[in-house]
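Enquirer: A predicted structure for the sequence below; I have some questions about it.
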Amino acid sequence: MILELDCGNSFIKWRVLESDQAKACAEGVVGSDLALIESLAALPGLSLARCRLVSVRASEETNKLVEALQGAFGVVVSCAVPAREMAGVRNGYQDFERLGLDRWLAMLGGFKLASGACLVLDFGTAATADFIAADGQHLGGFICPGMPLMRNQLRTHTRKIRYDDAAAERALERLSPGRTTAEAVERGCTLMLRGFVLTQLELARSYWGDDFTVFLTGGDADLVSDAVPQARLIPDLVFVGLAMACPLS
Ligand SMILES: Nc1ncnc2c1ncn2[C@@H]1O[C@H](COP(=O)(O)OP(=O)(O)O)[C@@H](O)[C@H]1O
Ligand SMILES: CC(C)(COP(=O)(O)O)[C@@H](O)C(=O)NCCC(=O)O
Ligand SMILES: [K+]
């Protein structure tokens, strides 16, 4: 069995594959290293041959997780590393090592699935957009605060914006102007994300006409998917790229 991990700024997404390229036999989202080890230890019949991971966390933090996995399961861990070029995609950053590895892997996955120009939009702690031309050249991208950051900035920098998770969830049943604080904030931030998406689409159209594929990924992709019915919603896009960047042969 193979363990795959996507360590974002807020959550660790994990899944276990029976063998390379197969469908996941178990998966989850956890908030800490400890919760990850506990979730895995609770799986009946777990026998890990290999592990591959991508992390946008500090290297000390990532190393700690790697050691914990080795200690708990005796598994060899491969970590995705930055590259100037891979699978036909050319990293467009001035300093290729500075491009977030989750963005890079999602781009590799998107370009492979699209076999052409694509716009990759990821909605996690941050919201990101990346543009890859039909010849594989990454034109660059954009980073802005995602839903968790927008919401928390409002909570921590105002006196009177306070509401619970249940109110937040109820607020998103529709997007009409809010009549409670929870509705006003949750819907307002959702509309910011949708505005971001529409702007990226406009830019992509100015480059490529209608000849491009849009990918949506990340934990909050559902919040914007209505705004881009033509997009492909691929929650595991980073894992598609991870398998390409860390082949286990
Ligand atoms: N099953 C889930 N578990 C945790 N968070 C989720 C889940 N589904 C959606 N989310 C939302 O996804 C967002 C985090 O997205 P994610 O892609 O995991 O971020 P990151 O990669 O930055 O850690 C949060 O706003 C969270 O509320
Ligand atoms: C932009 C990000 C913070 C997104 O992280 P996430 O929201 O997925 O946790 C991450 O890709 C990152 O730390 N990138 C390095 C900076 C850059 O890509 O320019
Ligand atoms: K991410």
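Expert: Looks like it came in fine. Numbering: from 1, shown residues only. Ligands and ions are numbered 1, 2, ... in the order given.
Enquirer: alpha carbons only for contacts and neighbour counts from here, please
Expert: Will do.
Enquirer: interface residues of the chain facing ligand 1?
Expert: Neighbours of ligand 1 within the chain, by CA under 6 Å from any ligand atom: 8-11, 29, 123-125, 147-148, 218-220.
Enquirer: again, 8 Å this time
Expert: 6-13, 28-31, 102, 122-126, 146-148, 217-221 (CA under 8 Å from any ligand atom).
Enquirer: Quick check: which of the residues you listed are also close to ligand 2?
Expert: Among the residues of the chain next to ligand 1, ligand 2 is touched by 7-11, 102, 122-126, 146, 218 when using CA under 8 Å from any ligand atom.
Enquirer: hmm, which two among those are most spread apart?
Expert: 7 and 146 (16.2 Å; CA to CA).
Enquirer: Those two: which has the busier surroundings?
Expert: For the pair residue 7 and residue 146, the greater number of neighbours falls to residue 7 (23 against 20), based on other CA atoms under 10 Å.
Enquirer: Now that one: phi and psi?
Expert: Main-chain dihedrals, residue 7, degrees, to the nearest 10: phi -90, psi 100.
Enquirer: before we move on, what about residue 124?
Expert: Residue torsions, per degrees, to the nearest 10, at residue 124 are phi -120, psi -140.
Enquirer: So which of the ones next to ligand 2 among the residues of the chain next to ligand 1 sit within strands?
Expert: Secondary structure from DSSP state E places 7, 122, 123, 126 of those in strands.
Enquirer: Any chance of CSV for those, columns distance to residue 113?
Expert: Below are those laid out as CSV (distance: CA to CA, whole Å):
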residue, distance to residue 113
7, 23
122, 16
123, 19
126, 23
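Enquirer: By neighbours, which of the residues you listed wins?
Expert: That'd be residue 122 among these, by other CA under 10 Å, with 27 neighbours.
Enquirer: Output stretch 88-105 as CSV, restricted to C-alpha atoms.
Expert: This file holds the C-alpha atoms of stretch 88-105, laid out as CSV (Å, rounded to 0.1, in the frame of the first residue of the first chain):
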residue,chain,number,x,y,z
GLY,A,88,6.3,19.1,-20.5
VAL,A,89,5.6,22.0,-18.0
ARG,A,90,8.2,24.8,-17.6
ASN,A,91,8.1,26.6,-14.3
GLY,A,92,7.6,30.3,-15.0
TYR,A,93,8.9,31.7,-11.7
GLN,A,94,12.1,33.8,-11.8
ASP,A,95,13.4,31.5,-9.0
PHE,A,96,11.7,28.2,-9.7
GLU,A,97,12.3,27.0,-6.1
ARG,A,98,10.0,29.7,-4.7
LEU,A,99,6.9,28.5,-6.5
GLY,A,100,4.6,26.6,-4.0
LEU,A,101,5.0,22.9,-4.5
ASP,A,102,1.2,22.3,-4.3
ARG,A,103,0.8,24.8,-7.1
TRP,A,104,3.5,23.1,-9.2
LEU,A,105,2.0,19.6,-8.7
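Enquirer: Go through it and flag the buried ones.
Expert: 89, 90, 91, 92, 96, 99, 101, 102, 103, 104, 105 (16 or more other CA atoms under 10 Å).
Enquirer: Which residue is the nearest non-sequential neighbour of the residue nearest the centre of the chain?
Expert: Centroid-nearest residue in the chain, with CA atoms, centre = their mean: residue 218, separated by 3.8 Å. Spatial nearest neighbour of residue 218, excluding adjacent residues (CA to CA, 6 or more residues apart in numbering): residue 123 at 4.6 Å.
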